[in-house]
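Chemist: Give me a model of this one.
(one chain, ligands or ions: 2)
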Amino acid sequence: MDWAGNLSQADLLAEAKRLRLAHWKIQKDAGVDVIPSNDFALYDQVLAHIQDFGAVPERYSSAGLDRIDEYFAMGRGHQKGGVDVPSLEMVKWFDSNYHYVKPTLQDNQKFTLTSSPKAVNEFNEAKEAGIITRPVLVGPVSFLHLGKADRGQSVDPIDLLDNLLPVYEQLLTQLKQAGAETVQIDEPVLVFDLPAKTKAAFKPAYEKFASLGDKIPKLVFTTYFGDIVHNLESVPKDIYAVHIDLVRNPEQLDTVASALGPNTILSAGVVDGRNIWKTNFKRAIETVETAVQKLGKDRVLVATSSSLLHTPHTLASEKKLDPEIADWFSFASEKAVEVAIIAKAVTEGPASVKEALEANAKSMNARATSKRTNNPEVKDRQSKIQASDYNRKSEFPNRISQQEAKLKLPLFPTTTIGSFPQTKEIRIQRSKFTKKEITEAQYDKFIEQEIDMNVKIQDELDLDVYVHGEPERNDMVQYFGERLDGYAFTTHAWVQSYGSRCVRPPIIVGDISRPAPMTVKESKYAVSVSKKPMKGMLTGPVTCLRWSFPRDDVHQSVQAEQLALALRDEVVDLEKAGIDVIQVDEPALREGLPLRAGKEREAYLDWAVKAFKLSTVGVEDSTQIHSHFCYSEFQDFFHAIAALDADVLSIENSKSDSKLLGVFVDEAYPRHIGPGVYDIHSPRVPSEQEIKDRIEEMLQYLKPEQLWINPDCGLKTRQWKETKEALVNMVNAAKFFRAKY
Ligand code: GLN
Ligand code: ZN
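Modeler: Ligands and ions are numbered 1, 2, ... in the order given. Coordinates of the predicted model:
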């Protein structure tokens with residue numbers, strides 16, 4: 001697919017159809033009995049429901065767009081032919097890196113089913129190809145709970161349930177008439193802490209469906225990414241099947257199985273849908289057998305823990321992987337086969353899949369005993385960490401006075417977040433270097449020239465703390481992964497992030513260590529050509545972990561700690577190389593928060609904060625530590641942000657209400673903060689006045705001596721022209737306040 005609109009609608013639809021058919025065939029050939037349909041969307045599944053349910057806000061429905069254009073207008077905005085509408089809000093799908101479009105509802109919201117629902121069309125498409133599928137729908141309670149009231153509206157979406165249920169009734173009836181025996185109805189919100197009203201909404205919804213009897217398909221009530229024990233009373237009793245995630249929460253098996261209705265089947269999610277590791281057959285089979293002992297063979301199904309949307313397509317495309325590690329992986333196609341093998345082992349006995357079980361045991365053993373997963377030096381260093389390794393030498397007041405003496409920064413210091421535009425030229429040279437068309441020396445020279453140029457531009461802009469611009473970095477996690485031991489990389493393992501945007505996360509395969517400095521060469525060069533303080537730029541341990549596929553054989557806190565130790569050495573080496581300001585970015589800290597408040601969340605924050613501190617506190621008091629976050633909603637975990645003890649925090653603020661800064665006042669946050677003064681996601685150049693207004697607002701919350709002036713995030717996706725124009729305005733705005741105070 002193509003963002004620039006270079007693919008015709010007809011071609012796009014034909015390609016999507018081809019892909020759907022190919023995926024159904026793969027699963028059929030793998031021996032999977034139940035093949036899902038309606039689990040693929042051109043942009044996003046939830047968005048497809050919004051359109052099929054007639055819940056399109058009027059600003060899109062009245063724009064005179066055809067159906068596909070209307071759909072994409074909601075997904076990513078539309079600015080063409082006199083129509084100018086921004087997109088609907090898009091947010092992370094639970095704790096994954098997939099994004100969904102939020103149902104955006106009106107006070108008097110009506111729902112009407114489209115004349116040609118996607119779920120029915122795709123069921124028929126598969127049927128024509130000879131495959132009877134199980135359509136997947138987002139359930140009514142989740143659809144509403146994941147939605148919100150539109151701007152200027154005050155409806156609580158869950159109050160719209162009565163309006164919405166008839167649409168589900170019609171849709172389910174149509175699916176039954178088309179020949180669907182079963183439908184998967186996703187209610188993943190059941191893993192959250194739910195308000196009483198939402199909890200109570202399940203009963204009327206699913207009693208209604210039960211009352212329809214044979215008029216609709218049998219329903220598989222599906223949850224994932226957590227346990228549902230705290231919401232057990234919301235699980236319908238009179239339902240065909242209930243699916244639970246037994247990879248994340250195997251301990252919920254007993255409780256959920258005991259609470260099922262007398263005829264309800266348990267769908268046991270024992271193959272991880274969120275990761276790339278081979279399933280441990282022995283463990284999975286034991287889990288399924290426990291379920292069988294409780295419920296009987298006829299009442300247990302084997303499944304993946306969640307949709308396979310979150311795993312890459314097939315291992316068969318990976319030609320360059322070291323065979324030792326390739327043997328540990330299983331992507332979506334391979335996971336489909338695993339489900340079939342586990343089911344067979346349980347129904348026909350282990351002898352029926354003897355070879356597969358033996359091969360699996362061998363892989364498990366090879367991984368557990370590999371040198372990669374057992375680096376004694378790393379383990380030894382981890383065992384020697386002491387309490388004092390988590391703290392700076394002095395408290396902030398002492399540090400900041402030393403830093404000020406050294407850096408001599410003006411009031412309202414200006415800086416940027418790290419990256420400068422990644423131009424076509426940079427991509428060309430990087431690709432030449434990767435293909436060995438130019439030598440390392442030639443490439444290094446090119447990077448130095450880019451740094452020279454970036455420094456010169458910052459001189460002209462008269463910024464206060466410089467960055468080298470990150471021209472050498474392909475991606476803020478991959479770049480570090482490639483320089484650390486313990487990582488592996490794929491060539492084709494893409495997973496959907498939003499719309500047609502995909503990411504190819506590196507994989508943590510073993511104990512992590514740093515064989516050599518990773519960024520010192522570029523930073524040292526940058527310092528040597530700069531007359532102002534130059535920031536060293538690193539990606540923090542939690543972000544390296546979250547934006548990779550983590551190991552599943554050791555706890556994430558252990559992996560974060562290993563990353564932290566490697567980064568600690570890098571921070572100290574940067575300091576030794578004369579870099580006085582070091583920024584360690586942690587934009588992924590918040591998305592790692594466990595879905596429910598309480599013990600698990602506190603435990604996460606504890607190890608995440610420790611990892612950040614371990615990586616940053618090895619420096620002298622006079623070295624200034626910065627950190628960056630791409631958001632400003634810290635209310636739920638402010639204590640953790642404060643505990644990072646970073647000297648300067650830069651955060652997103654231009655799209656949020658400055659009121660959010662109130663938390664820094666309420667908690668008497670003493671350190672420095674740079675709330676972003678303009679949005680870098682758009683080419684739009686903010687005027688000097690606009691930035692001044694923003695700063696004025698910030699000064700209602702923050703003290704002048706606390707406030708830094710910077711954009712919201714890195715500038716790598718921008719062009720130079722708008723970047724320079726925006727930064728000129730930003731620096732002028734800062735100078736205005738400097739003169740005033
Ligand atoms: N230093 C990084 C950059 O500027 C930060 C990116 C991010 O926060 N996502 O590109
Ligand atoms: Zn950012």
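Chemist: any idea whether the closest residue to ligand 1 within the stretch 551-700 of the chain is helix, strand or coil?
Modeler: Residue nearest to ligand 1 within the stretch 551-700 of the chain (CB to the nearest ligand atom): Pro587, separated by 4.0 Å. (Each C-beta comes from the backbone N, C-alpha and C, glycine too.) The local conformation at Pro587, judged by DSSP: H, G, I helix; E, B strand; the rest coil, is coil.
Chemist: Tell me, how many residues neighbour it?
Modeler: By other CB atoms under 10 Å, the residues close to Pro587 number 23.
Chemist: What distance do you get for it to Ser627?
Modeler: Pro587 sits 10 Å away from Ser627, going by CB to CB, to the nearest Å.
Chemist: Next: Ala516.
Modeler: Distance check for Ala516 against Ser627: by CB to CB, it reads 24 Å.
Chemist: if we can go back for a sec, looks like the residue of the stretch 551-700 of the chain closest to ligand 1 contacts Leu649 (just checking).
Modeler: No - applying CB atoms under 8 Å, one finds Pro587 not in contact with Leu649, separated by 11.9 Å.
Chemist: The spatially closest residue to Asp444 that is not a sequence neighbour: which element?
Modeler: Closest residue in space to Asp444, ignoring its immediate chain neighbours: Lys521 at 7.8 Å, by CB to CB, 6 or more residues apart in numbering. Lys521 is part of helix 520-528, with elements assigned from DSSP states H and E.
Chemist: buried residues in that helix?
Modeler: Val520, Glu522, Ser523, Lys524, Tyr525, Ala526, Val527 (16 or more other CB atoms under 10 Å).
Chemist: Let's test this: what are the backbone torsions at the closest residue to the fourth one other than its chain neighbours?
Modeler: On the basis of CB to CB, 6+ apart, the spatially nearest residue to Lys524 that is not a chain neighbour turns out to be Ala577, at 4.4 Å. Backbone torsions for Ala577, taken as degrees, to the nearest 10, come to phi -80, psi 10.
Chemist: quick one: pLDDT of Ala577?
Modeler: pLDDT, Ala577: 97.
Chemist: what residues does the stretch 551-700 of the chain put near ligand 1?
Modeler: Counting by CB under 6 Å from any ligand atom, the stretch 551-700 of the chain comes close to ligand 1 at Asp585, Pro587, His628, Cys630.
Chemist: can I assume the third one is in contact with Val648?
Modeler: I take that to be His628. No - the criterion here is CB under 8 Å, and His628 misses it with Val648 at 9.3 Å.
Chemist: okay, the two: which has more neighbours?
Modeler: The neighbour count for His628 versus Val648, taken as other CB under 10 Å, is higher for His628 (27 against 24).
Chemist: Tell me how many other residues surround the closest residue to ligand 1 within the stretch 201-350 of the chain.
Modeler: Closest residue of the stretch 201-350 of the chain to ligand 1, CB to the nearest ligand atom: His310 (20.4 Å). Neighbourhood size, His310 [other CB under 10 Å]: 22.
Chemist: what does Arg501 give?
Modeler: Arg501: 12 neighbours (other CB under 10 Å).
Chemist: Ok, Ala55 next?
Modeler: Ala55: 23 neighbours (other CB under 10 Å).
Chemist: for it, helix, strand, or coil?
Modeler: coil.
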